[in-house]
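Here is a sequence with its predicted model. Questions after.
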Amino acid sequence: MPEDLYTAVVTATPGAARSSDDALSVTVSEPGELGGSGDGTNPEQLMAAALGSCLLESLRIAASTRGASIDDASVEARVTLASASGPGYTATYALQVSLPGVEDAAGVLAEAQSLCPFTKTLDASTLDVQLAGS
């Protein structure tokens, strides 16, 4: 049985989200493009930040097993909402990874994807991960 290692707790209330340790406290609203006020951040931006940050940390781990550094690495994350055939929306996720100076960047990326709990949980049909320049 897997052992729980960490649990993040964030409480969302109308217009805000705050973590239990107060490290995260943001104003949240619907994007202006979807009819919201556009004040503050939105769930799509938070999801993109979480995906990009999670994959970047997994890239750090994967690179370190090869003695490499990712000091100049970046992950651009995009969350795109589209209309659904029923109520609500559908979402797709695109991650563009830049690993300058890392030998076997494709291998590091593949290992990182196998480590990252967020990319592992998303349905492959909604997730596109690309290495910059590929």
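Right, received. Where do you want to start? As the structure is a computational prediction, the values presented were derived from the model and not from experiment.

Could you list the buried residues of the strand or helix carrying residue 57?
Assigned by DSSP states H and E, residue 57 belongs to helix 43-64. Residues 43-44, 46, 48, 51-52, 54-56, 58-60, 62-63 are the ones in helix 43-64 that count as buried (16 or more other Cβ atoms under 10 Å). For glycine as for every other residue, the C-beta is placed from the backbone atoms N, C-alpha and C.

Looking at those residues, spot the one nearest residue 129.
Distances from residue 129 to the buried residues of helix 43-64, taken as Cβ to Cβ, are shortest for residue 55 (7.6 Å).

quick one: the helix holding residue 57 to chain centroid distance?
Relative to its chain's centre, helix 43-64 lies at 5 Å (Cα atoms, centre = their mean, to the nearest Å).

which strands and helices sit next to that helix?
Here helix 43-64 touches strand 74-83, strand 89-98, helix 105-115, helix 117-121, going by 3 or more Cβ pairs under 8 Å, 6 or more residues apart in numbering; DSSP states H and E.
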